[in-house]
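> this one's structure only:
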């Protein structure tokens with residue numbers, strides 16, 4: 001039996017925590033496993049569990065479990081840790097220059113930090129961004145200043161740089177792994193509000209959908225007239241069945257441009273095509289102004305923006321996917337609601353109406 005497999009099973013049985021393989025490797029590297037009075041550090045070490053019983057050092061495993069559950073070690077401050085597990089090397093200059101995330105915090109507890117990401121700030125630092133600010137560096141700066149440590153966890157998903165809205169950070173690895181698994185299994189519920197331009201390129205299916213909504217819904221009501229996002233979501237879901245966009249998305253050759261299509265022939269001309277699914281609801285329609293609620297079930301790059309363009313109703317001020325020429329203002333796309341579970345507790349979070357779109 002491989003030692004890393006044995007340790008995963010043993011830790012789960014004894015401590016009720018299923019550590020990831022990277023944390024098992026950390027346990028081994030820290031000298032936390034002994035067999036026949038010899039420290040074993042090789043994760044691929046094989047042995048017969050019916051004859052040999054590796055011992056786990058209690059002090060070492062408790063430190064590992066503390067990091068996993070809370071983000072902090074028991075025996076030392078974590079201020080010196082780097083942020084490599086968040087997918088970014090720690091750059092002290094960029095941490096110092098990072099913006100103040102505190103003014104954008106929507107919810108915080110021991111496990112999670114939810115912020116209202118402003119438009120124009122990247123979720124994650126990218127290559128070639130020449131030291132630009134990002135929400136990851138703001139998170140690192142905040143955790144260091146407020147709690148004197150940097151958690152070995154962090155950003156759970158991303159929003160486009162120009163998109164506003166709810167962004168989730170985990171403050172420990174147990175939460176990170178739990179919520180990340182919900183993203184991967186599509187259990188997370190996400191809601192995006194998009195103000196779109198109704199253009200002559202509307203697809204026939206979308207025209208029919210708009211017509212059916214007009215007949216059922218009656219007078220249009222802008223999102224600004226609702227008291228809360230929860231009220232808005234409930235209202236549109238009760239008043240209409242969604243238009244389901246279930247197709248393929250891929251990158252146009254030689255460009256960063258993503259194309260959504262529901263035709264397999266067209267998808268054959270794209271690179272890296274993947275299934276792409278969203279439900280679409282109409283909030284209001286006044287002349288050429290459309291307010292749409294997108295409920296994505298997949299998390300593809302530029303998914304909503306590409307799907308809106310496909311419908312012939314591109315998100316207003318979208319400089320990449322816009323079908324009109326007026327793209328000077330802020331992208332009118334906002335992640336307004338999200339629901340997920342952490343340690344058995346369901347969290348349903350939404351933005352105040354007054355905070356949606358500048």
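Sure, I can see it. No experiment lies behind these values; they were computed from the predicted model shown.

> quick one, strands of the stretch 251-358 of the chain?
Counting by DSSP state E, counting those that start in this stretch, one finds strands in the stretch 251-358 of the chain at the ranges 258-261, 270-286, 289-296, 333-342, 345-350.

> now for these, which one comes closest to residue 40?
Nearest to residue 40 among the strands of the stretch 251-358 of the chain is strand 333-342 (34.2 Å), distances taken as CB to CB. Bear in mind the C-beta positions are built from the backbone N, C-alpha and C, glycine included.

> the closest one to strand 345-350, inter-axis angle?
170 degrees (axes from the mean of the first three to the mean of the last three CA atoms, to 10 degrees).

> if we can go back for a sec, what's the closest of the strands of the stretch 251-358 of the chain to residue 131?
strand 333-342 (25.8 Å).

> and the closest one, what other elements does it pack with?
Counting contacts by 3 or more CB pairs under 8 Å, 6 or more residues apart in numbering; DSSP states H and E, strand 333-342 packs against strand 112-117, strand 164-170, helix 173-184, strand 189-197, helix 229-239, strand 345-350.

> neighbouring contacts of the first one?
Contact with strand 112-117 is made by 101, 104-108, 123, 135, 139, 142, 159, 163-171, 175, 179, 335, 338, 342, 347, 349, 351, 355, as judged by CB atoms under 8 Å, 6 or more residues apart in numbering.

> wait, residue 19 touches residue 8, no?
Yes - counting by CB atoms under 8 Å, residue 19 does reach residue 8; the two are 6.2 Å apart.

> which one's more surrounded, these two?
It is residue 19, of residue 19 and residue 8, that has more neighbours when counted by other CB atoms under 10 Å, with 23 against 19.

> doesn't the more buried one belong to a strand?
No - Residue 19 is assigned coil when assessed by DSSP: H, G, I helix; E, B strand; the rest coil, not a strand.

> give me the nearest residue to it, chain neighbours excluded.
residue 11 (5.4 Å; CB to CB, 6 or more residues apart in numbering).

> next, give phi and psi for that neighbour.
The phi and psi values for residue 11, taken as degrees, to the nearest 10, are phi -60, psi -40.

> equivalent analysis for residue 205, please.
Dihedral angles (degrees, to the nearest 10) for residue 205: phi -60, psi -40.

> show me the contacts for it.
residue 243.

> what stretches of the stretch 251-358 of the chain score poorly on pLDDT?
264-267, 325-327 (pLDDT under 70).

> closest one to residue 51 among the strands of the stretch 251-358 of the chain?
Between residue 51 and the strands of the stretch 251-358 of the chain, the shortest gap by CB to CB is with strand 333-342, which sits at 41.1 Å.
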